[in-house]
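K.L.:
Please work out how this folds:
(2 chains)
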Amino acid sequence: MNLSISELTVRYGKRAVLDNVSHEFSEGLAHCLIGPNGCGKTTLIKALVEKYAASGEISYVPQDVYGQIALTVYDTVALGRYDRSRFFSGLTKEDKEKVDKAIEIMGLSDLTGRIFDTLSGGEKQRCMVARAIAQDTPWTILDEPSSNLDVKHNLHIMKTFRELKEKEGKSFIIVLHDVNTAAEFADRFVVMKEGRIVKATDTLDREMLSGVFEASFSESITPSGRKVFFAE
Amino acid sequence: MQPHKPSDSFILKLMIAVTALIAAVAVSSCLGSSSVAPASVLKYIAGARDGLSDTELLIIGRIRIPRVITSALVGGALACVGCIMQGLFKNPMADPSILGISSGSALGAAIAIVTGLNGMIIGEGFTGSYIGAILGALVTWAAVFFIAKGSGEYDTTSTLLAGIAISSIMSALITVMMTLHMENMERVYLWMLGTFSSATVIKTKVLAIVVFVFVPMLIIIAPRIDVLKLGREAALSLGVKQSRTLGITFCVSSVLLAFCVANSGIIGFVGLIIPHIVAFFKVYKMRQKMILCFFTGAVFMVICDSIAKTIVAPGEMAIGAITSLIGAPYFLWLLIKSRIAAGKGGVRS
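P.N.:
The predicted model follows:
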């Protein structure tokens, strides 16, 4: 199933955070939303969540890591298997397998008994991503999933998303600020500025980034043949 | 992988709480201003009532047992409402009073007392203040509910603010009423301090029905509160709507609070402190926490009422004072203990 937004305008007071935005996100791909702060990325993905939540096709990892979650890491990840139709029964065998798998993928096996609130920012972020993986939906929407992560874990979760996409056909919409991470892992880039989608493209280039972020970008090719961008 | 499963020990903790409640109820039933032998009380509870005098039957069956059961039901219900409020508002300081229902209830009772309607008795023990408290709670519930909802979506912040504002208005009106009717001030004040001395068999039965219908409803809702901690949109993706959950929780809690306050007056501290005490015993999932809160709150209230009715016998101490004097030091002891454990590398939530 593709996800689409059609002629969406969202206003906070008089300011249009999203201005007549239309876009279709094709399934089976990793879409990356990039753009400067306040350009409407989070509002756009929240609108997608609102629209498609009832379908059961999406899971969502918010930008904020919420406080006051006095649950163990295991129980927090297991929330991804919440089923409101089951009033009293706990996790099924299948649920437990999915929770265990998500915990293992995110490298949280040693932390399962820890209370979520006592984790570091990066551990919380990995826990939230694990919860979304346990939810096992065709689409996963993530708002800056790497904001609290160190280089190793950032690389790990992006590789995980790629693996889930390639092996299980999962689709992703990810808000990222790091254009090089986006360039490395995304199939499609949705570039936003001032509440509008200015470009939807398969490749990033220096001129476009310079125009969107109002900074001078240069690019270079690494020995492995990867294009990287530098803001100057 | 060996996942951490707090539920492994939950059943044990629950069994301890249930056993403690049975013991507390048995002991409290033996205590009171009139002297009834504990053996007679135990005989009554066991159903062997043939050897008991009419006076004993009256004291045990119509005074002691209703009172003990009422205190247990009110304690359990207040603890459950407090627990779900703290989870819903993501605020460890939240307690049942933040919804304004208790103040509204107190205003209703105060109006009944100062207007002389308290003397009006509908059925056994259903005084004017009882009816006034229920009506006051319902009016407050409607005010908070519709103001919080406004024309938009029902959210936690507007509910919290509306509850606090209306609670302040109700408290101010009570003060105005007490000032204007000084002759009734003592009666209103004593009612507000809380007591279980007016418990009757029929009131206890009505309360039991309310508690056994509405507390399980909160327990059914409870896992949704855990899911909402993930954030509004993440919860929505799991099929949990924040506004609907909040609306249902608020309505169910309001009915429970209305009947609790009508039966006992305002008893603070229990709804605030019991959920924290349960968390100290490492019960974190909302459903398990609420179940344990119910029994722990019941035990706590029965103990407090036992002290209230014996410490200055044949008089009575205000139950609210006892709940604070017993609960606060115990809570502080747990807090200090957990801080020491945290300093040694332990974990506390």
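K.L.:
Which SSE is immediately downstream of the biggest helix by length in chain A?
P.N.:
In chain A, assigned by DSSP state H, the helix with the most residues is helix A:151-168. Where DSSP states H and E defines the elements, the next helix or strand beyond helix A:151-168 is strand A:171-175.
K.L.:
Run me through the strand neighbours of that following strand, direction for each.
P.N.:
The strands that strand A:171-175 pairs with in its sheet are strand A:30-34 (parallel), strand A:139-143 (parallel) (by DSSP bridges).
K.L.:
the inter-axis angle of the first one versus helix A:151-168?
P.N.:
When you say that, I think you mean strand A:30-34. Strand A:30-34 runs at 140 degrees relative to helix A:151-168, counting by axes from the mean of the first three to the mean of the last three Cα atoms, to 10 degrees.
K.L.:
What lies in contact with strand A:30-34?
P.N.:
Identification of contacts with strand A:30-34 by Cβ atoms under 8 Å, 6 or more residues apart in numbering or on different chains yields A:25, A:41, A:44-45, A:161-162, A:165, A:171-177, A:179, A:182, A:185-192, A:204, A:212. Bear in mind the C-beta positions are built from the backbone N, C-alpha and C, glycine included.
K.L.:
of those, buried ones?
P.N.:
Applying 16 or more other Cβ atoms under 10 Å in any protein chain shown to the contacts of strand A:30-34, the neighbour count classes A:25, A:41, A:44-45, A:161-162, A:165, A:171-176, A:179, A:182, A:185-186, A:188-192, A:204, A:212 as buried.
K.L.:
In the chain, what residue spans correspond to helices?
P.N.:
Just going to use chain A. Remark: helices assigned in chain A by DSSP H are A:41-52, A:73-78, A:93-105, A:121-135, A:151-168, A:179-185, A:206-213.
K.L.:
Can you look at chain B instead?
P.N.:
So, for chain B - with DSSP H - the helices run B:7-30, B:38-46, B:54-58, B:65-88, B:101-114, B:128-149, B:156-180, B:185-193, B:201-228, B:232-237, B:242-264, B:270-280, B:286-310, B:319-343.
K.L.:
picking up where we left off before, which one of the helices of chain A is the most hemmed in?
P.N.:
helix A:73-78 (a mean of 28; mean count of other Cβ atoms under 10 Å in any protein chain shown).
K.L.:
Name the residue of chain A that lies nearest to chain B.
P.N.:
Nearest residue of chain A to chain B, counting by Cβ to the nearest Cβ: A:Gly113, 3.2 Å away.
K.L.:
if I look at A:Ile157, how far off is B:Tyr284?
P.N.:
From A:Ile157 across to B:Tyr284, the span is 26 Å (Cβ to Cβ, to the nearest Å).
K.L.:
and if you look at A:Ile103?
P.N.:
Separation of A:Ile103 from B:Tyr284 (Cβ to Cβ): 17 Å.
K.L.:
For stretch A:166-174, measure first residue to last.
P.N.:
End-to-end distance for stretch A:166-174, by Cα to Cα, to the nearest Å: 16 Å.
K.L.:
Now do the contacts for the closest residue to A:Leu204 other than its chain neighbours.
P.N.:
Spatial nearest neighbour of A:Leu204, chain neighbours left out: A:Ala183 (5.2 Å); criterion: Cβ to Cβ, 6 or more residues apart in numbering or on different chains. A:Ala183 is in contact with A:Leu204, A:Arg226, A:Lys227, A:Val228, A:Phe229, counting by Cβ under 8 Å, 6+ apart.
K.L.:
Over to B:Pro92?
P.N.:
B:Pro92 makes contact with A:Gln68, B:Gln86, B:His276, according to Cβ under 8 Å, 6+ apart.
K.L.:
ok, now with 10 Å
P.N.:
Going by Cβ atoms under 10 Å, 6 or more residues apart in numbering or on different chains, B:Pro92 touches A:Gln68, A:Ala70, B:Gln86, B:Leu272, B:Pro275, B:His276, B:Ala279, B:Ser349.
K.L.:
go on, B:Tyr330?
P.N.:
B:Tyr330 makes contact with B:Ile273, B:Ile277, B:Phe300 under the criterion Cβ under 10 Å, 6+ apart.
K.L.:
Point out the residues in the stretch 51-200 of chain B that sit beside chain A.
P.N.:
Residues of the stretch 51-200 of chain B lying close to chain A by Cβ under 10 Å from any Cβ of the partner chain are B:Gln86, B:Gly87, B:Phe89, B:Lys90, B:Asn91, B:Pro92.
K.L.:
Can you read off the pLDDT for the last one?
P.N.:
The score at B:Pro92 is 79. That number is its pLDDT.
K.L.:
Over to the first one?
P.N.:
Residue-level confidence at B:Gln86 comes out at 87, pLDDT.
K.L.:
burial measure for the residue nearest to it when sequence neighbours are not counted, as a count.
P.N.:
With sequence-adjacent residues excluded and distances taken as Cβ to Cβ, 6+ apart, B:Gln86 is closest to B:Ala94, at 4.6 Å. Other residues within reach of B:Ala94, judged by other Cβ atoms under 10 Å in any protein chain shown, total 24.
K.L.:
ok, B:Ala94 touching B:Ile84?
P.N.:
Yes. Look at B:Ala94 against B:Ile84 with Cβ atoms under 10 Å: they come within range, at 9.2 Å.
K.L.:
Any chance you could list residues touching both of the two?
P.N.:
By Cβ under 10 Å, 6+ apart, the residues touching both B:Ala94 and B:Ile84 are B:Gly271, B:Pro275.
K.L.:
Okay, now the unreliable bits of chain A?
P.N.:
Residues of chain A that meet the criterion pLDDT under 70 lie in A:65-67, A:84-85, A:87-89.
K.L.:
the domain parsing of it - what is it?
P.N.:
Domain ranges of chain A: A:1-57+A:138-232, A:65-136, per automatic domain parsing.
K.L.:
any chance of these in JSON lines, with distance to B:Ser171 too?
P.N.:
Output for these, formatted as JSON lines (distance: least, Cβ to Cβ, whole Å):
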{"stretch": "domain A:1-57+A:138-232", "distance to B:Ser171": "35"}
{"stretch": "domain A:65-136", "distance to B:Ser171": "28"}
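K.L.:
do you know which of the ones you listed lies nearest B:Val255?
P.N.:
Checking the domains of chain A against B:Val255 by Cβ to Cβ gives domain A:65-136 as the closest, at 20.2 Å.
K.L.:
who are the neighbours in contact with B:Leu21?
P.N.:
By Cβ under 10 Å, 6+ apart, the residues touching B:Leu21 are B:Ala72, B:Gly75, B:Gly76, B:Phe294, B:Phe295, B:Thr296, B:Gly297, B:Ala298, B:Val299, B:Phe300, B:Val302.
K.L.:
Nearest residue to the first one in space, please, no chain neighbours.
P.N.:
Read it as B:Ala72. Closest residue to B:Ala72 apart from its sequence neighbours, by Cβ to Cβ, 6+ apart: B:Ala298 at 3.9 Å.
K.L.:
I'd like the distance between the one you found and chain A.
P.N.:
From B:Ala298 across to chain A, the span is 22 Å (Cβ to the nearest Cβ, to the nearest Å).
K.L.:
Tell me how many other residues crowd that residue.
P.N.:
Neighbour count of B:Ala298, defined by other Cβ under 10 Å: 31.
K.L.:
Wait, it touches B:Ala17, no?
P.N.:
Yes. Shown here, B:Ala298 and B:Ala17 form a contact pair, counting by Cβ under 10 Å, at 8.4 Å.
K.L.:
Up against chain A, what does the stretch 201-349 of chain B have?
P.N.:
B:219-220, B:223-224, B:226-241, B:279, B:282-289, B:342, B:347-349.
K.L.:
now those: which count as buried?
P.N.:
Among these, the ones that count as buried by 16+ other Cβ under 10 Å are B:219-220, B:223-224, B:226-238, B:240-241, B:279, B:282-289, B:348-349.
K.L.:
centroid residue for chain A?
P.N.:
With distances taken as Cα atoms, centre = their mean, the residue of chain A nearest its centroid is A:Leu142 (1.8 Å).
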